[in-house]
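Undergrad: Structure here, sequence nowhere to be found:
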Ligand SMILES: Nc1nc2c(c(=O)[nH]1)N[C@H]1C(S)=C(S)[C@@H](COP(=O)(O)OP(=O)(O)OC[C@H]3O[C@@H](n4cnc5c(N)ncnc54)[C@H](O)[C@@H]3O)O[C@H]1N2
Ligand code: MOO
């Protein structure tokens, strides 16, 4: 792996044989393939110190974060109403109101005398002498007296100091991918900046003589490059740094040159195409000639051929060329692997058992990933399983994963639905 100027020298490189398969392995079940990736990969990025809140979305925490302040910092009211000392057991009753009020940002600084009440607004600090708040809808003020008809427990409608977070509580763990909600927690206790991992630099390379970048002149026997824009968008959406390695023809020298460029600039390279056994599958050949390659034949449809290699110290994930297979493999295997390399936790995507709205007779012995979406509480799958059907990708909102043992699916059979959101997309 190449290293950037500010990357820390303590980063441990991956082993050259990290993708090697045990002798005799032929078809690898999905679970085993995932476990192999999990056990052989580790973070390969250094730490970026003191990154401000405004730049944290999607970044991965490098250290645990402890609260420098409690949340809420003081007892305060959860509602607009009147504060007094609770409980209130004998009703109806009338409490004289003190002159003044406690508003958010403008506390009442004196003691509220026993048996009195005070006007209070949501978020305002509870004045001394009060611990309970009645909603303004549940009481009436007549001639400076607060009239109450319902009982209230002591502490009703009050938020206690530190009930959410106490000083020095661990609020976030190292390895957490920061999202808007976690950034809100940091802000709530006044954390201005945190240490995060440097962004994983992911190179995306398309290969194939028939493949042309969008915008280039094209003929009938050529196709537009759908994989590179798809994978590039995925990389940026996952919060990684995209390094566009372009497209190369099926020429050993061109493939080698592109991989060398990638190894210089990236922590990981995703290629698509050229990994099955065909005469023009130069990605496999180049990786074999100049790196340590392992052609994983995963018992999955689509996406059987997945080439995993180390090329000049940089891991290369050789995805199949068919866009559907490239997408499925990039998600199912690439996303957790990248997360781990980027310093986050390995993750098994959250899935849901949803009744099927389709029938299918599946071959045993391999997993199948179907383009899917949920409508009216049932999961439907795209009409064609063809691995080149990009329309199915656009139509889908997730995948149905049928494991190796699944056989006959009927309408109503619970199946495992994995929304794309479970991968962070
Ligand atoms: N004899 C065998 N042939 C094939 C096997 C096999 O096991 N034995 N596996 C099939 C499966 S499954 C797949 S998937 C493909 C994977 O092949 P490659 O990774 O070598 O991919 P290519 O042959 O280069 O391309 C496959 C297909 O995808 C189109 N493609 C490629 N790149 C792009 C791109 N950037 N954007 C859009 N489409 C792309 C390409 O034109 C081909 O149609 O191998 C099967 N064959
Ligand atoms: O990986 Mo291929 O596209 O399974 O069909």
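TA: Received, thanks. These figures come from a predicted structure and were not determined experimentally. Residues are numbered from 1 along each chain as shown. Ligands and ions are numbered 1, 2, ... in the order given.
Undergrad: Residue 199: neighbouring residues, count only.
TA: Residues near residue 199, counting by other CB atoms under 10 Å, number 21. The way it works is simple: take the backbone N, C-alpha and C, and place the C-beta from them, glycine included.
Undergrad: Which secondary structure state does it sit in?
TA: coil (DSSP: H, G, I helix; E, B strand; the rest coil).
Undergrad: where does the residue nearest to it when sequence neighbours are not counted land on pLDDT?
TA: The shortest distance from residue 199 to any non-neighbouring residue, by CB to CB, 6 or more residues apart in numbering, is to residue 241 (4.2 Å). For residue 241, the pLDDT comes out at 97.
Undergrad: And for residue 25?
TA: For residue 25, the predicted pLDDT is 64.
Undergrad: Same check on residue 370?
TA: Value listed for residue 370 in the pLDDT field: 97.
Undergrad: now residue 283
TA: Reported pLDDT for residue 283: 90.
Undergrad: Am I right that it falls within a helix?
TA: Yes. Assigned with three-state DSSP, residue 283 falls within a helix.
Undergrad: so how many other residues sit close to it?
TA: Close neighbours of residue 283, defined as other CB under 10 Å, add up to 30.
Undergrad: residues touching the nearest residue to it once chain neighbours are set aside, list them.
TA: Distances taken as CB to CB, 6+ apart place residue 274 nearest to residue 283, at 3.6 Å, with adjacent residues excluded. The contact partners of residue 274, by CB atoms under 8 Å, 6 or more residues apart in numbering, come to 207, 208, 250, 255, 280, 281, 282, 283, 284, 318, 321.
Undergrad: Using the three-state scheme, assign residue 274.
TA: coil.
Undergrad: out of the contacts of residue 274, who's nearest ligand 1?
TA: Here the nearest of these to ligand 1, counting by CB to the nearest ligand atom, is residue 321; it sits at 2.4 Å.
Undergrad: OK, contacts around that closest one?
TA: 207, 208, 227, 272, 273, 274, 275.
Undergrad: isn't residue 127 right next to residue 106, touching?
TA: No. Using CB atoms under 8 Å, residue 127 makes no contact with residue 106, being 11.5 Å away.
Undergrad: and the contacts of residue 274 as a markdown table, adding distance to residue 62?
TA: Converted to a markdown table, the contacts of residue 274 look like this (distance: CB to CB, whole Å):
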| residue | distance to residue 62 |
| --- | --- |
| 207 | 35 |
| 208 | 38 |
| 250 | 41 |
| 255 | 35 |
| 280 | 43 |
| 281 | 39 |
| 282 | 38 |
| 283 | 33 |
| 284 | 36 |
| 318 | 30 |
| 321 | 36 |
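Undergrad: ok, what's across the strand from residue 106?
TA: Legend: beta-bridge partners of residue 106 under DSSP bridges are residue 103.
Undergrad: picking that back up, out of the contacts of residue 274, which are close to ligand 1?
TA: 208, 281, 321 (CB under 6 Å from any ligand atom).
Undergrad: Remind me which helix or strand residue 368 belongs to.
TA: Using DSSP states H and E, residue 368 sits within strand 367-375.
Undergrad: partners of that strand in the sheet?
TA: Counting by DSSP bridges, strand 367-375 is paired with strand 300-301 (parallel), strand 378-381 (antiparallel), strand 398-402 (antiparallel).
Undergrad: show me the contacts for the one residue in the stretch 151-300 of the chain that gets nearest to ligand 2.
TA: Nearest residue of the stretch 151-300 of the chain to ligand 2, counting by CB to the nearest ligand atom: residue 300, 7.5 Å away. If you count contacts by CB under 8 Å, 6+ apart, residue 300 has them with 30, 328, 329, 332, 366, 367, 368, 369.
Undergrad: Looking at the strands paired with strand 367-375, which one is packed in the most?
TA: For these, the largest average neighbour count (mean count of other CB atoms under 10 Å) is found in strand 398-402, namely a mean of 24.
Undergrad: which outside residues touch that strand?
TA: Under CB under 8 Å, 6+ apart, the answer for strand 398-402 is 328, 331, 351, 356, 360, 362, 367-374, 379, 381, 409, 415-422.
Undergrad: hmm, try it at 6 Å
TA: With contact meaning CB atoms under 6 Å, 6 or more residues apart in numbering, strand 398-402 is reached by 362, 368-370, 372, 379, 381, 415-420.
Undergrad: How about stretch 32-43?
TA: Under CB under 6 Å, 6+ apart, the answer for stretch 32-43 is 18, 298, 337, 340, 341, 343, 346.
Undergrad: Confidence-wise, which of those comes last?
TA: residue 18 (81).
Undergrad: That one: neighbour count?
TA: Summarising burial for residue 18: neighbours were counted as other CB under 10 Å, giving 19.
Undergrad: give me every residue that touches it.
TA: By CB under 6 Å, 6+ apart, the neighbours of residue 18 are residue 40.
Undergrad: repeat that with 7 Å
TA: 40, 310 (CB atoms under 7 Å, 6 or more residues apart in numbering).
Undergrad: how close does it sit to ligand 2?
TA: For residue 18, the distance to ligand 2 (CB to the nearest ligand atom, to the nearest Å) stands at 23 Å.
Undergrad: re the thing from before, next one, pLDDT for the residue of the stretch 151-300 of the chain closest to ligand 2 please.
TA: So, for residue 300, pLDDT stands at 89.
Undergrad: Where does pLDDT dip in the chain?
TA: Low-confidence segments of the chain, defined by pLDDT under 70: 1-9, 22-25, 277-278.
Undergrad: domains in the protein, as residue ranges please.
TA: The chain breaks down by automatic domain parsing into domains covering 27-46+199-341, 52-70+166-197, 76-159, 352-423.
Undergrad: Just the buried positions in the strand holding residue 368, please.
TA: Buried positions in strand 367-375, judged by neighbour count with 16 or more other CB atoms under 10 Å: 367, 368, 369, 370, 371, 372, 373, 374.
Undergrad: Thank you kindly, that will do.
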